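In: quick one: sequence plus predicted model below, questions after.
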Amino acid sequence: MDLPPLHREIYDALIGRYSARAELVRDDFEVLGRALLRLLMAAISPALLVEGARRYEPLSYEIPPLEVSPGDSLYELLRNLPRYELSPKYQEALAIVAENAAAGRKTLVWSSFLRSLATLERLLDHYGVALVHGGTQDREEQLRRFREDPDCMVLLSNPATLGEGISLHQVCNDAVYIDRDFMAGRFLQSLDRIHRLGLSPDAETRITVLAARGTVDEIVALRLEEKLEFMARVLDDPDVQQLADLQEEPSLAGGMDMADVRALLGHIGNG
């Protein structure tokens, strides 16, 4: 998917591609754009980078959106981005959940960031949202509602919390990824939540990964594909020495190894 114009201009500034307007507040964007996790958040919505009035405060979208004035500061536009543009990832997730709900299909929506989950909870409120993350006190009740309540059509979670040990395939065969990090094993575990042995022969499993064109999403997708291919070769190799090499690779933020770092630096360096 393509980013809308203001989102594109802000993301480019975060990785060092400055428009004339962005040059006026270059220092502000350099501070925000240095970390991988921030780039992953910026591909969803740069507004997630700006601290809210309270921790994990959901973004508040303006309907209909306001018009952008050419004289507005780009940094101020970043702070108020939800008033001007709806994140294309959220827009697509809304469309998928709505279509599934109309067909009686429940949807599992993944996002790594708690503020993103809080925003999705607000946007999807009329679908009887269940929410599970590391701080959820009534986790079992939320999962029970998703499994048993016919009015609960969507479950929001993050792979770090719901990556393994939970089976949902009997009630849900649709998953949407708002974002992903470089952790291939965790991604595979999250897929396993809705795709397991025991599915009925006519069950259709649908996985949708939302990626913004020209962003870090493309680097993550490329590196995950390479890691998954390597893992598949290891499993087929009677000499599993390569597996030890994989485990010894130093892991950085977001499951990054040094090859991931080089790929990410290439993305930023293209600015």
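Out: Perfect, I can see it now.
In: per-residue pLDDT of L81, please?
Out: L81 is assigned a predicted lDDT (pLDDT) of 92.
In: which non-adjacent residue is nearest it?
Out: Once flanking residues are discounted, L81 sits nearest to A47: 4.2 Å by Cβ to Cβ, 6 or more residues apart in numbering. Yep, even glycine has a C-beta here, placed from its N, CA and C like the rest.
In: and for the one you found, the neighbour number?
Out: Number of residues near A47 (other Cβ atoms under 10 Å) recorded here: 26.
In: now it: how far from G214?
Out: 19 Å (Cβ to Cβ, to the nearest Å).
In: also H195?
Out: Taken as Cβ to Cβ, the span from H195 to G214 is 30 Å.
In: same deal with V154?
Out: Distance, V154 to G214, by Cβ to Cβ: 29 Å.
In: then P4?
Out: Relative to G214, P4 is positioned 13 Å away (criterion: Cβ to Cβ).
In: with L24 instead?
Out: Counting by Cβ to Cβ - L24 and G214 are separated by 23 Å.
In: more neighbours, these two?
Out: More neighbours surround G214 than the other of L24 and G214, with 17 against 13 (other Cβ under 10 Å).
In: H7 is in contact with the more buried one, correct?
Out: No - using Cβ atoms under 8 Å as the test, G214 is too far from H7 to be in contact (10.9 Å).
In: where along the stretch 101-250 of the chain do the strands fall?
Out: Ranges of strands within the stretch 101-250 of the chain are 106-110, 130-132, 154-157, 172-177, 206-209, based on DSSP state E, counting those that start in this stretch.
In: now do stretch 136-151, average pLDDT.
Out: Mean pLDDT, computed over stretch 136-151, is 95.
In: before we move on, what about stretch 37-54?
Out: Throughout stretch 37-54, pLDDT has a mean value of 89.
In: what comes up buried for that stretch?
Out: Neighbour-count burial for stretch 37-54, counted by 16 or more other Cβ atoms under 10 Å, picks out 38-50.
In: and that stretch, end to end?
Out: Stretch 37-54 has its terminal residues 20 Å apart, counting by Cα to Cα, to the nearest Å.
In: just stretch 55-66 next, same as before
Out: Using Cα to Cα, the two ends of stretch 55-66 sit 26 Å apart.
In: starting at the chain centroid, how far to it?
Out: Here the centre of stretch 55-66 is set off from its chain's centre by 18 Å, with Cα atoms, centre = their mean, to the nearest Å.
In: buried stuff in it?
Out: Buried, per 16+ other Cβ under 10 Å, within stretch 55-66: 58-59, 61.
In: how about the contacts made by the residue nearest the centre of the chain?
Out: With distances taken as Cα atoms, centre = their mean, the residue of the chain nearest its centroid is D179 (1.9 Å). Counting by Cβ atoms under 8 Å, 6 or more residues apart in numbering, D179 touches 40-41, 43-44, 89, 110-113, 116, 210, 217.
In: now those residues in JSON lines, with distance to L188?
Out: Shown next, in JSON lines, are these (distance: Cβ to Cβ, whole Å):
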{"residue": "L40", "distance to L188": "19"}
{"residue": "M41", "distance to L188": "23"}
{"residue": "A43", "distance to L188": "22"}
{"residue": "I44", "distance to L188": "22"}
{"residue": "K89", "distance to L188": "22"}
{"residue": "W110", "distance to L188": "13"}
{"residue": "S111", "distance to L188": "18"}
{"residue": "S112", "distance to L188": "16"}
{"residue": "F113", "distance to L188": "20"}
{"residue": "S116", "distance to L188": "22"}
{"residue": "L210", "distance to L188": "18"}
{"residue": "D217", "distance to L188": "18"}
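In: pretty sure L210 sits against A93.
Out: Yes - in this structure, L210 is within contact of A93 by Cβ under 8 Å, at 6.9 Å.
In: what touches both of those two?
Out: Common neighbours of L210 and A93 (Cβ under 8 Å, 6+ apart) are 176, 178.
In: in helices, which of the contacts of D179 fall?
Out: Using DSSP state H, the members of those that fall in helices are 40-41, 43-44, 89, 116, 217.
In: may I ask which two of those residues are separated the most?
Out: Greatest spacing in those, by Cβ to Cβ: S116 and D217 (13.7 Å).
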